[in-house]
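Colleague: I would like the atomic coordinates for the input below:
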Amino acid sequence: MLVDRGLLSYDEKVVKYWPEFGKHGKENVTVKMLVSHQAAIPFPNETLTWDIFRDHEKLAGVLADSVPQWEIGTGHGYHTMTMASFCSVLVYKVDPKRRTLGQFVHDELYVPFGIDIHFGLPKELFHRVARMEEPKYTASQWVELVRNPLLRAFFLGSLRGEESIWNKVIRNMGELSDPYRLNDPDNRMVEVPSAFGTATADGLARLYGILANGGDLNRTKLLSKAAINTLKTSVIKGMDKVVMKENEWGPGTLISDIKIGKAFGHSGAGGQEGWANPELKIGYGFVTNTPTVSLSENGQRYLLLRKSLYDCVQNLKK
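Modeller: The predicted structure is shown next:
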C-alpha cells in the first residue's frame, strides 16, 4: 500500500529510508530484495524476547545490527522471524503518521474493510480468540512428520551436533518458541508480526478475495491493479537456504502453482494459510489453534480443504 501511494519504492535501497540498516555489508540491499527474502537475515544476532518486541526502537536496533548468514545476492532463504518486523520498521520510517505495522493494518485494513487481522491484539478482543492447544497426532500425521525434509534435517543435524541455518533460527527464537504463551492476553497484545498475528479464516479470505478481484470493495480501494500485478510477479525462485525446499517469492508473497492458475499469498507455521487466485477471482484462508509442524502448504488438513474448494470451482465452471 505504501508503494502504491508513492511513499516507498521496491527498487530503492533500504538505507534510503532506514540508514542504520546498512551495517555489516547490508548497504546495497533493496526493498525488493528484503521483502523477497534475499537479505540473508532469517534471524538477528540477539536472542529474541518478548521485551524486545515491546520496544519498537529497541527492535529496530536489534534488526539493524543483524549480520547476514550468507553472501547477499547468492540466493534466498525464508526470513522466518524477521521479515514482518523489517516491514514494520519500514512502515514506521515512511508512513506520515509514524505507525507500526500493527497500527497500520488496524487503520487501513480492519477499520475500512472489516479484515479481521491483527498484529498486537487489543485486549478487549481477546475473548474471541480460541486457546492454543497441543495437537494430537494421528498415524497419518506422524508419517507426514517423518516425510518432512525440514524436520528430518533439523533432528538429524541436532543429533550430529550440526548447526544448520534452520537450527539457528529455532534456537534464536528463545522464549518466543513457545506458541502457547499466546494464551496470555498480555503476550498476544505484543506486536510480533512475523509469527504471532491473530486472524480469522474469514479475515484472510476477505483480504485475499479483495486482491483476487481487482483490489477494491464497495468502491473503496485497497490496492491498485498495478500493485496487485506486482504481488503476483516472481522475483526469485529456487532452493530456499533456510527451509531447504524449492519455492518462489514475489515481493512479500509466496507464489504457488495450483491446478487452475497461479495463486499468491503466504503460509504460516503451524498450518495457517491465506491465498488469492486472481484467475478464478477467489480468496481463501485457513487457520487452526492446534498447530502442527506444517510449513509452506504441506499441511494435510489444509490440502484436503483446498482440494475440495477447487473441485467445487471446477464443478461450477462445467
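Colleague: CA only for contacts and neighbour counts going forward, please
Modeller: OK.
Colleague: residue ranges with poor pLDDT in the stretch 201-318 of the chain?
Modeller: Across the stretch 201-318 of the chain, the stretches falling below the confidence threshold (pLDDT under 70) are 259, 292-299.
Colleague: What ranges does it have for its strands?
Modeller: All strands of the stretch 201-318 of the chain, identified by DSSP state E, counting those that start in this stretch, fall at 216-217, 220-221, 236-239, 246-249, 254-257, 262-268, 272-277, 282-286.
Colleague: Report the buried residues of the longest one.
Modeller: It stands for strand 262-268. 263-268 (16 or more other Cα atoms under 10 Å).
Colleague: again with the fifth one
Modeller: Buried residues in strand 254-257, counting neighbours by 16+ other Cα under 10 Å, are found at 254-256.
Colleague: Residue 229: how many residues sit nearby?
Modeller: The burial count assigned to residue 229 is 12, neighbours taken as other Cα atoms under 10 Å.
Colleague: quick one: the helices in the stretch 51-200 of the chain?
Modeller: With DSSP state H, counting those that start in this stretch as the criterion, the stretch 51-200 of the chain has helices at 56-64, 83-94, 101-105, 111-113, 139-147, 149-160, 165-172, 185-188.
Colleague: Buried residues in the longest helix seen in the chain, which are they?
Modeller: Determined from DSSP state H, the single longest helix within the chain is helix 300-317. Within helix 300-317, the residues that count as buried by 16+ other Cα under 10 Å are 302, 306.
Colleague: May I have it exported as PDB, CA atoms only?
Modeller: Taking only C-alpha atoms (Å, rounded to 0.1, in the frame of the first residue of the first chain), the coordinates of helix 300-317 have been written out as PDB:
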ATOM      1  CA  GLN A 300      -2.800 -32.300   5.200                       C
ATOM      2  CA  ARG A 301      -5.900 -30.700   6.800                       C
ATOM      3  CA  TYR A 302      -5.400 -27.600   4.600                       C
ATOM      4  CA  LEU A 303      -4.600 -29.500   1.400                       C
ATOM      5  CA  LEU A 304      -7.800 -31.600   1.700                       C
ATOM      6  CA  LEU A 305      -9.900 -28.400   2.100                       C
ATOM      7  CA  ARG A 306      -8.100 -26.700  -0.700                       C
ATOM      8  CA  LYS A 307      -8.800 -29.700  -3.000                       C
ATOM      9  CA  SER A 308     -12.500 -29.600  -2.100                       C
ATOM     10  CA  LEU A 309     -12.600 -25.800  -2.800                       C
ATOM     11  CA  TYR A 310     -11.000 -26.200  -6.300                       C
ATOM     12  CA  ASP A 311     -13.200 -29.300  -7.000                       C
ATOM     13  CA  CYS A 312     -16.300 -27.100  -6.300                       C
ATOM     14  CA  VAL A 313     -14.900 -24.400  -8.500                       C
ATOM     15  CA  GLN A 314     -14.300 -26.800 -11.400                       C
ATOM     16  CA  ASN A 315     -17.900 -28.200 -11.000                       C
ATOM     17  CA  LEU A 316     -19.300 -24.700 -11.100                       C
ATOM     18  CA  LYS A 317     -17.400 -24.000 -14.300                       C
END
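Colleague: what's the angle from that helix to strand 282-286?
Modeller: An angle of 160 degrees separates the directions of helix 300-317 and strand 282-286 when computed by axes from the mean of the first three to the mean of the last three Cα atoms, to 10 degrees.
Colleague: got the contact list for residue 282?
Modeller: Taking Cα atoms under 8 Å, 6 or more residues apart in numbering, we find residue 282 in contact with 208-209, 212-213, 276.
Colleague: How about residue 26?
Modeller: Residue 26 makes contact with 39, 68, 72, according to Cα under 8 Å, 6+ apart.
Colleague: Please report the distance of it from residue 66.
Modeller: The gap separating residue 26 from residue 66 is 9 Å, by Cα to Cα, to the nearest Å.
Colleague: Residue 91 now?
Modeller: Taking Cα to Cα as the criterion, residue 91 is separated from residue 66 by 19 Å.
Colleague: Please apply the same query to residue 74.
Modeller: In this structure, residue 74 and residue 66 are separated by 18 Å, where distance is defined by Cα to Cα.
Colleague: more crowded one of these two?
Modeller: The residue with more neighbours, out of residue 74 and residue 66 and counting by other Cα under 10 Å, is residue 66; that gives 21 against 9.
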